[in-house]
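J.: no sequence for this one, just the structure:
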Ligand SMILES: C[S@@+](CC[C@H](N)C(=O)[O-])C[C@H]1O[C@@H](n2cnc3c(N)ncnc32)[C@H](O)[C@@H]1O
């Protein structure tokens, strides 16, 4: 979607492309039974109100919106937020983009709590050859997260149904209390169901 391509003369070309290419394919071929939608619970319900509290370039948020979720996407890095808003406008997606730190945004959320809070704080280590080009843009612009447990706690306080956390398969859960996990090749989604 956003390609951060190194130029021969130095610097990067950054562009947002949701009309064609891998992101467009991912959006239009998404199914409710795919790992992320399944972790969100979309194989059992038609829709959900979702806060993507680590929106980045919005690739996951756009898939969820395409499958019928009402998505609010929170991103704290202004440049990423601007790229995300452009992509959302290009796609015509029903996503509300908010520039904020999710810790404070979630703690001030008084009315209309979401069904689901989704967290993808994944931050691949520098030098990993498999890091996708879009992730390079995130890595250049966003600092490594230091507040994952606190963010998870804030998310669990507001989500009425569940919190879903994307993890590398070889990394431990951010915190105890995982109800179940949905595994796919390169990622794992840890699901924290809200006690009823
Ligand atoms: C790995 S990227 C997310 C990628 C995203 N899931 C996607 O599909 O494009 C993580 C993003 O979370 C953002 N982030 C981390 N902690 C945050 C916080 N407390 N509030 C808002 N954004 C946060 C970072 O700035 C970064 O852009």
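T.: Structure's in. What do you need? The structure presented is a predicted model; accordingly, all values stated were derived computationally and were not measured.

J.: contacting residues for the residue of the chain found nearest the ligand?
T.: Relative to the ligand, the nearest point of the chain is residue 56 (2.7 Å; Cβ to the nearest ligand atom). Placement of C-beta: from N, CA and C, glycine included. Counting by Cβ atoms under 8 Å, 6 or more residues apart in numbering, residue 56 makes contact with 75, 80, 84, 120, 138, 142.

J.: need the per-residue pLDDT for it.
T.: pLDDT, residue 56: 92.

J.: please list the residues of this protein that sit near the ligand.
T.: Contact residues, the chain versus the ligand (Cβ under 6 Å from any ligand atom): 54, 56-60, 74-77, 80, 101-103, 120-122, 138, 142, 145, 147, 151.

J.: among the residues you listed, which are in strands?
T.: Using DSSP state E, the subset of those located in strands is 74, 75.

J.: just the buried residues of the residues of the chain next to the ligand.
T.: 54, 56-60, 74-77, 80, 102-103, 120-122, 138, 142, 151 (16 or more other Cβ atoms under 10 Å).

J.: filter the residues of the chain next to the ligand down to just the ones in helices.
T.: Counted as lying in helices by DSSP state H, out of these, are 59, 60, 80, 102, 103, 138, 151.

J.: is it true that the last one touches residue 117?
T.: No. Residue 151 is beyond contact range of residue 117, at 9.1 Å (criterion: Cβ atoms under 8 Å).
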